[in-house]
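Trainee: Structure here, sequence nowhere to be found:
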């Protein structure tokens, strides 16, 4: 199972290296990593997606707590969150298929940020599932390049689980 871990750290040189080293020493891969300033000056938020079972992830979070400059570690996998990613994708789009590509762009609420005679660069923002879906739809045209950020996530203060709500809408 993939776990999303949110870590608040002091914004100091070497913090990310120590965290990555902890994962490397234990043979864990970080599938996604996003780092940026948090709401308080001098504090950064690191959001990681890490594969592993619950017990292993619990051990990793305990080890993270022991690192210097780590303030708070939370496994937010099973907590209702807002999750987003940003992706830039360069897709082949010539005069014969451009209108079809643009229809897909509209459906996924993506943006065209560059255009040439034989390609488009699209900006896609959304949850990781949306990224997989649009890549799947665009692959038949030929994807030339992809650049993705890591997942960023914040816990919902409302506690509302939108995945649960989506499942109710499907049943109705």
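Mentor: Alright, I've got the coordinates. Model, not experiment: these values are computed from the prediction.
Trainee: got the domain boundaries for the chain?
Mentor: Following the assignment in automatic domain parsing, the chain carries domains at 2-75, 82-153.
Trainee: Poorly predicted segments of the protein, please.
Mentor: Within the chain, the stretches falling below the threshold (pLDDT under 70) are 162-172.
Trainee: mind checking which of the domains of the chain is nearest residue 159?
Mentor: domain 82-153 (12.1 Å; Cβ to Cβ). All C-beta spots, glycine's among them, are computed from the backbone N, C-alpha and C.
Trainee: hang on, isn't residue 155 packed against residue 78?
Mentor: No - if you go by Cβ atoms under 8 Å, residue 155 and residue 78 don't touch, sitting 10.9 Å apart.
Trainee: roughly how far is the longest strand along the chain from the heart of the chain?
Mentor: As assigned by DSSP state E, the longest strand anywhere in the chain is strand 81-92. Counting by Cα atoms, centre = their mean, to the nearest Å, strand 81-92 is centred 8 Å from the centre of its parent chain.
Trainee: picking that back up, let me have the domains of the chain in TSV, adding distance to residue 159 as columns.
Mentor: Compiled in TSV, these are given as follows (distance: least, Cβ to Cβ, whole Å):
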stretch	distance to residue 159
domain 2-75	15
domain 82-153	12
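Trainee: Need those in CSV (columns: distance to residue 161 and mean neighbour count).
Mentor: Shown next, in CSV, are those (distance: least, Cβ to Cβ, whole Å; neighbours: other Cβ atoms under 10 Å):
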stretch, distance to residue 161, mean neighbour count
domain 2-75, 14, 15
domain 82-153, 11, 16
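Trainee: Nearest residue to residue 98 in space, ignoring adjacent ones along the chain?
Mentor: Spatial nearest neighbour of residue 98, chain neighbours left out: residue 120 (7.4 Å); criterion: Cβ to Cβ, 6 or more residues apart in numbering.
Trainee: Show me the helices in this structure, by range?
Mentor: Under the criterion DSSP state H, helices of the chain are mapped to 15-25, 54-66, 98-107, 128-138, 162-171.
Trainee: so residue 72 touches residue 7, yeah?
Mentor: Yes - applying Cβ under 8 Å as the test, residue 72 and residue 7 come out as touching, 7.1 Å apart.
Trainee: coming back round to it: who wins for proximity to residue 89 among the helices of the chain?
Mentor: helix 128-138 (6.6 Å).
Trainee: other SSEs contacting that closest one?
Mentor: In terms of contacts (3 or more Cβ pairs under 8 Å, 6 or more residues apart in numbering; DSSP states H and E), helix 128-138 is packed against strand 81-92, helix 98-107, strand 119-126, strand 143-148.
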